[in-house]
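A.B. asks: Sequence and predicted structure below; questions after.
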Amino acid sequence: MFKQYTLPNGLRVILAPLHETKAVTAMVLVKVGSRYETRAMNGVSHFVEHLMFKGTEKRPTSLAITKELDGIGAEYNAFTAKDHTGYYIKANHEKIELVLDMLSDIIFHSTFHADDIDRERGVIVEEINMYEDNPLMLMEDLFEQTVYGDCPLGWSIAGPKSVVKKVSRKGLNDYYKRHYVPHQMLVAVAGNIGPEIELRVKHYFGTQGTPRQKYHFKKVVAEQRGPRVRVKHKDTEQVQIALGFPGYSYADKQLYALYLMSVILGGNMSSRLFMSIREKKGLCYFIRSSVNVYQDTGNLMIQAGLDKTRLKEAIKAIMAELKKLREKGVTAAELRKAKDFLRGKLILELEASDHVASWLSRQELLQDRILTPAQLIKRLERVSQSEIKTVAANLVRTTKTNLAIIGPFKQKEQFVDLLRI
């Protein structure tokens, strides 16, 4: 399915041929994100990502970059997470030379001009404003602030506006040089590729960069001893909530049971929470459960948009479903359906070259190993009802409950008693 190796400069490579498609995706992941930052530099990983499409020595303006990519009908973008940053270009496989040239150019030769930096400050401030004005977009950040507290994993990826407005060109450039080094990076190419791809990747990525010190994040130490509630006051008709618990890291063997438990709880439109909270009680328009995973920790998060006049009723109903899950577990039929659901989603996702590149590269970068789809499905198939009951008993506890709320409320104390299971 794929080939992986390391170039002499330390940069890892993954090649995944998909001959049934005419597309190709090249993706570069860098092992840096907001959890690698200090408070004074919070938001810099995201700021650097914005600057990478603003101009290089070879292509001096953002217009020069975008015109060239738009000229071949390419899809391209970048993203910053808490533990990694990514850049990708997807195009007609016949344009692979341009794709690799462009991607290596922006990664290794972006110029960080002062004028571009000053203009981008305003762009990022408006991006932060957009998130703050949209409770649904802000909810995950607020929830992880509640779970992880005042540590880098609990901070916003975009950072505070004060840092964005004041960080210097030297500070941005030094941060880039410190983290954008080959041994902290990975390039994945997936799609319609042939044997010549290895020489092309080596040409564009194999001679760039120099080895430097490795940088590590500070691991999260879970010390929660009671329910936590965080309320962000906003005059809205619909209240957004995120309710959940600390979870498992990539390395934890119980993670697969948690994935399946989340599907049964709120992973689709036939899940327990959807049927109970929306369909039977009419308390929400949307409700879902998801699992966030990091190298040292993770969390289970339930999100919902609720009527402000029935908020307490809805929280009680969600907690009742959680208690039922913890005490009675799941049925054999529910577990079978959840396994088939995840298997089907995986197969559909891996139809596209960009999803293949992302799926393989994130595993290698963050877990230092890659499971094939067959291996992942096999691990999910091994999960038993008793394992899910054990996970529910470990996680679904009053002392581990976290609730984040965005809505027309100012006091958090009124919600604490609702979280007792």
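C.D. replies: Cool, the structure landed.
A.B. asks: By mean pLDDT, flag the weakest helix or strand of this structure.
C.D. replies: Least confident helix or strand, the chain: helix 413-416 with a mean of 90, by mean pLDDT, DSSP states H and E.
A.B. asks: residues in contact with that helix?
C.D. replies: Under the criterion C-beta atoms under 8 Å, 6 or more residues apart in numbering, residues 227, 229, 231, 312, 315, 403, 405 lie in contact with helix 413-416. All C-beta spots, glycine's among them, are computed from the backbone N, C-alpha and C.
A.B. asks: now do stretch 193-205
C.D. replies: Counting by C-beta under 8 Å, 6+ apart, 7, 9, 11, 13, 15, 17, 24, 93, 96-97, 100-101, 103-104, 182, 187, 189 sit against stretch 193-205.
A.B. asks: Please pick the buried ones from those.
C.D. replies: Neighbour-count burial (16 or more other C-beta atoms under 10 Å) is assigned, among these, to 7, 9, 11, 13, 15, 17, 24, 93, 96, 100-101, 103-104, 182, 187, 189.
A.B. asks: what about whichever strand or helix holds K378, distance to the chain center?
C.D. replies: Using DSSP states H and E, K378 sits in helix 373-381. Chain-centre distance of helix 373-381: 22 Å, with C-alpha atoms, centre = their mean, to the nearest Å.
A.B. asks: One more: stretch 155-172?
C.D. replies: Chain-centre distance of stretch 155-172: 20 Å, with C-alpha atoms, centre = their mean.
A.B. asks: CA atoms only for that stretch - export them in CSV, please.
C.D. replies: In CSV, the C-alpha atoms belonging to stretch 155-172 read as follows (Å, rounded to 0.1, in the frame of the first residue of the first chain):
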residue,chain,number,x,y,z
TRP,A,155,-4.2,27.4,25.1
SER,A,156,-5.7,28.6,21.9
ILE,A,157,-3.9,27.6,18.6
ALA,A,158,-4.3,31.2,17.3
GLY,A,159,-3.1,32.7,20.5
PRO,A,160,-4.2,36.0,22.0
LYS,A,161,-4.4,39.1,19.9
SER,A,162,-1.8,40.8,22.1
VAL,A,163,0.9,38.3,20.9
VAL,A,164,-0.2,38.5,17.2
LYS,A,165,0.0,42.3,17.3
LYS,A,166,3.4,42.5,18.9
VAL,A,167,5.5,39.5,18.0
SER,A,168,8.6,40.6,16.0
ARG,A,169,9.9,39.4,12.6
LYS,A,170,13.0,38.1,14.4
GLY,A,171,10.8,36.2,16.8
LEU,A,172,8.8,34.6,14.0
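A.B. asks: For it, which outside residues touch it?
C.D. replies: Contact with stretch 155-172 is made by 33-35, 37, 39-48, 51, 80-82, 112, 114, 117, 121, 124-125, 127-128, 131, 141, 145, as judged by C-beta under 8 Å, 6+ apart.
A.B. asks: State the helix or strand in which S262 lies.
C.D. replies: Using DSSP H and E, S262 maps to helix 255-266.
A.B. asks: looking only at pLDDT, what's the mean for that helix?
C.D. replies: Averaged across helix 255-266, pLDDT comes to 98.
A.B. asks: Check which helices and strands the next helix or strand after it is in contact with.
C.D. replies: With elements assigned by DSSP H and E, the helix or strand that comes after helix 255-266 is helix 272-273. Other elements packing on helix 272-273 under the criterion 3 or more C-beta pairs under 8 Å, 6 or more residues apart in numbering; DSSP states H and E are helix 255-266, strand 284-293, helix 311-328.
A.B. asks: Just the buried ones among the contacts of stretch 193-205: which are in strands?
C.D. replies: Among the buried ones among the contacts of stretch 193-205, the members found in strands (DSSP state E) are 13, 15, 17, 24, 187, 189.
A.B. asks: Most widely separated two among these?
C.D. replies: Greatest spacing in those, by C-beta to C-beta: P17 and V187 (15.3 Å).
A.B. asks: Tell me how far the closest residue in space to P17 that isn't next to it in sequence lies from L100.
C.D. replies: With C-beta to C-beta, 6 or more residues apart in numbering as the criterion, P17 has its nearest non-adjacent residue at 5.4 Å, and that residue is I193. Plainly put, I193 is 11 Å away from L100 if you go by C-beta to C-beta, to the nearest Å.
A.B. asks: between the helix holding K378 and helix 255-266, how big is the angle?
C.D. replies: 70 degrees (axes from the mean of the first three to the mean of the last three C-alpha atoms, to 10 degrees).
A.B. asks: what sits up against helix 373-381?
C.D. replies: 1, 256, 259-260, 339, 342-343, 346-347, 350, 371.
A.B. asks: Try it again at 10 Å.
C.D. replies: Here helix 373-381 makes contact (C-beta atoms under 10 Å, 6 or more residues apart in numbering) with 1, 253, 255-257, 259-260, 335, 338-340, 342-343, 346-347, 349-350, 356, 359, 363, 369-372.
A.B. asks: out of those residues, which are inside helices?
C.D. replies: Per DSSP state H, helices hold the following members of the contacts of helix 373-381: 255-257, 259-260, 335, 338-340, 342-343, 346-347, 349, 356, 359, 363.
A.B. asks: Provide a PyMOL selection command restricted to the buried entries of those.
C.D. replies: Listed next is the PyMOL selection for buried residues among those, using 16+ other C-beta under 10 Å:
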select buried, resi 255+256+257+259+260+335+338+339+342+356+359+363
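A.B. asks: pretty sure L11 contacts V28?
C.D. replies: Yes - assessed by C-beta atoms under 10 Å, L11 is found in contact with V28 at 9.0 Å.
A.B. asks: Next secondary structure element downstream of the helix or strand encompassing I117?
C.D. replies: Using DSSP H and E, I117 sits in helix 114-133. Following helix 114-133 in sequence order, the next helix or strand is helix 135-148 (DSSP H and E).
A.B. asks: Off-centre distance for that following helix?
C.D. replies: Put simply, helix 135-148 sits 13 Å off its chain's centre (C-alpha atoms, centre = their mean).
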